[in-house]
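> Mind folding the following:
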Amino acid sequence: MPGAETVTTVRVRLHGRVQGVWFRGWTIQEATALGLDGWVRNRFDGTVEAVFSGPPEAVHRMIDMCWQGPKFARVDKVDVQPAPPPQNKGFRHLPNA
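Now for the predicted structure:
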């Protein structure tokens, strides 16, 4: 369809020192700046989980940025899987799961 924008949606799980280092706040800030929809939350297993949805280049840029994260983070592993698009527009914080 002419004018239709391609959207990529992924769910990521971040492993390492990713809780207690402002990772969720940083993720909201960076994803919003890239114009992404989705969410981020801490997991009870110590990981951070997020869904990124938007133009493919912005989603891939966000995934790349997650390897660095905020200043005090240490990211050891980033798992990425395809996901359905979020129901809400914008980027938000979800309760821990």
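
> Tell me which residues touch Gly46, please.
If you count contacts by Cβ atoms under 8 Å, 6 or more residues apart in numbering, Gly46 has them with His15, Val18, Gln19. From N, CA and C alone the C-beta is placed, and that goes for glycine too.

> Quick check, pLDDT for the last one.
With respect to pLDDT, Gln19 has a value of 97.

> which element follows the helix or strand hosting Leu14 toward the C-terminus?
In the assignment (DSSP states H and E), Leu14 maps to strand 8-17. Next along the chain after strand 8-17, taking DSSP H and E as the criterion, comes helix 23-33.

> Strand partners (parallel or antiparallel) of the next helix-or-strand element following that next one?
Where DSSP H and E defines the elements, the next helix or strand beyond helix 23-33 is strand 37-42. Within its sheet, and counting by DSSP bridges, strand 37-42 is paired with strand 48-54 (antiparallel), strand 91-93 (parallel).

> So what touches the longest one?
Read that as strand 48-54. 7-14, 18-19, 23-24, 27, 31, 34-43, 59, 62-63, 66, 83, 85-86, 97.

> of the contacts of Gly46, closest to Arg74?
Nearest to Arg74 among the contacts of Gly46: Val18, at 7.8 Å, using Cβ to Cβ.

> Could you give the bridge partners of the nearest residue to Phe23 once chain neighbours are set aside?
Nearest non-adjacent residue to Phe23, counting by Cβ to Cβ, 6 or more residues apart in numbering: Val48, 5.1 Å away. Val48 forms beta bridges with Leu14, Asn42, as assigned by DSSP bridges.
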